[in-house]
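**Student:** below are the sequence and a predicted model; questions follow.
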Amino acid sequence: MKRYNKYTFLLQIILSSILFSCGNPEKKEETKNITYSEHIAPIIYQHCTNCHRPGAVGPFSLISYKDVSKRAKLIRFVTETRFMPPWPADNTYTHFIDENVLSAEEINTIKKWVANGSPIGDSTKIPAPPLFTDGSLLGKPDLVIQMREAIKIKGNNKDLFLTVKVPYEFSKDTFVKAIEYVPGNAKLVHHLNGHYIKYEFDKKKNVYEGLNIVNSDEFTPMEVFKQLSVTNDDGTFPVLTPSAVNYLPGVSYTLYPQGIGGFKFNRKGAILLNNIHYGPSRIDTTDNSYFNIFFGNKPERPTMEMQLGTLGISQIIPPLLIPPNEEKTFYTQTKALMDMSILTINPHMHLLGKSYLAFAIKPDGDTIPLIRIKKWDFRWQYFYTFTKPVIIPQGSIIYAYGTFDNTKNNPFNPFTPPQQVSDRSGSMKTTDEMFQFIITYLPYKAGDENIDLRRK
């Protein structure tokens, strides 16, 4: 009679499992049957093609079997490591519309397909690729407004900050539900804050007079406005709608349901790009950006905006000063002065950002989660829109926490060796820092918690 110790017994179990797995014809058949036409194409079309197509931000297309198969191993690697598709927000904490996260099953399907040689399968079963509107993430615009002239960018490896006026004149007043900025040079455009100038018809005879482009670093704001001829003919300032259009790396635009958001475009007006920021370039180049305009009805409920942190309504504690060779956490907070229905949030940091957390504490002590980003990535910064408005009761405290990594272990640290970094009074240079939390909201009305914010 043989004697077995526990180690011999465990070894036999392991060996038998391996042999069963290797010799199991069902498992082999399951892997063999994973094909591009039936399994991989739907995953690629849903999660990848929106960015990986001609004219979009992806560096190559992922539309055809040829496109995908020649990069099969790369796709396997970036999906296994969750480097792609990019979605920084933790989807176990909160959910947003257009959430782009691969399931473990989808990742494993790609892995098995590549291991089996990336077969195409029955080519007649390949689904039709999704249809997109060229030059827009929102669909076909009602109007396109081009910049008046190309922006010249010198190849001097320096950040460039410009103020740009993009005037227009219509035949009549109209309502606009969204303005979409489309960068002509997506590799260099870092961000912009765009305001809308509303001219009364008789107070500005010629909206096209003045310069179109002024270097923001070379003049005071008042001098910039004078050179752009922003004022009315009598020297008074027109009405300004702030944050009418914004852009950040990885931005995803949102069209709210009919009746929410939007504003009136007067017959005469201009889009004022306050500090459009271009990153450093090694070669002389240009940018020909434009704006897609989407018309709509008169908004029943205009949106409101609140900005915490840098250049906002709340202080950063402690002041945003990050010593070299340190990781440091900062926070900012504000009290809700009314019942709020939060639609969209935008956390913002620069290259030293490491993690981000925002939540609200209700007066009764309950916590309302807003967003958690475990691994901050400067390259992907979204305006995150909730699937339904998040209701923040009056008296709640809204908190945002940001951790910054100013060590040599941070591969995005712009300085070697690390140097002290601060916000420098709101400097927007990537080598300085920012810590912001921007909230788009509505004053609460009964039933807001049931509004579906997803695009139909």
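**Tutor:** Received, thanks.
**Student:** spatially central residue in the chain, please.
**Tutor:** Tyr382 (2.2 Å; CA atoms, centre = their mean).
**Student:** which residues are in contact with the residue lying closest to it once chain neighbours are set aside?
**Tutor:** Computed as CB to CB, 6 or more residues apart in numbering, the closest residue to Tyr382 that is not its neighbour in sequence is Ser252, at 5.3 Å. Using the backbone N, CA and C atoms, a C-beta is placed for each residue, glycine as well. Contacts for Ser252 (CB atoms under 8 Å, 6 or more residues apart in numbering) come out as Asp98, Leu137, Tyr382, Phe383.
**Student:** likewise His195?
**Tutor:** Counted by CB under 8 Å, 6+ apart, His195 has contacts Leu240, Thr241, Pro242, Ser243, Ala244, Ile271, Leu272, Asn274.
**Student:** before we move on, back to that, now the residue nearest to the centre of the chain: how far from Thr440?
**Tutor:** 13 Å (CB to CB, to the nearest Å).
**Student:** with Val164 instead?
**Tutor:** In terms of CB to CB, Val164 sits 24 Å off from Thr440.
**Student:** neighbour count for those two, which is higher?
**Tutor:** Val164 (25 against 19; other CB atoms under 10 Å).
**Student:** is the residue nearest to Pro318 when sequence neighbours are not counted in a bridge, and if so with what?
**Tutor:** Using CB to CB, 6+ apart and skipping the chain neighbours, the partner closest in space to Pro318 is Phe330 (6.6 Å). Note on Phe330: beta-bridge partners Gly402, judged by DSSP bridges.
**Student:** same deal with Thr440?
**Tutor:** Glu305, Thr344.
**Student:** residue contacts, it?
**Tutor:** Thr303, Met304, Glu305, Ile342, Leu343, Thr344, Ile345, Asn346, Phe383.
**Student:** ok, the residues you listed vs Phe415, which is closest?
**Tutor:** Phe415 lies nearest to Asn346 out of the contacts of Thr440, by CB to CB, at 26.3 Å.
**Student:** state the distance from the nearest residue to the closest one once chain neighbours are set aside to Tyr181.
**Tutor:** Leaving aside its sequence neighbours, Asn346 sits nearest to Ile438 (CB to CB, 6+ apart; 4.1 Å). Counting by CB to CB, the gap from Ile438 to Tyr181 is 16 Å.
**Student:** what about the stretch 201-350 of the chain, any weak spots by pLDDT?
**Tutor:** 249-250 (pLDDT under 70).
**Student:** recalculate using a threshold of 50.
**Tutor:** Along the stretch 201-350 of the chain, no part satisfies pLDDT under 50.
**Student:** how many neighbours does Gln83 have?
**Tutor:** Actually, residue 83 is Phe. It isn't Gln. With other CB under 10 Å as criterion, Phe83 counts 10.
**Student:** the spatially closest residue to it that is not a sequence neighbour: which element?
**Tutor:** The spatial neighbour of Phe83 that comes closest, neighbours along the chain excluded (CB to CB, 6+ apart), is Phe77 at 7.9 Å. In this structure, Phe77 is located in helix 72-80 according to DSSP states H and E.
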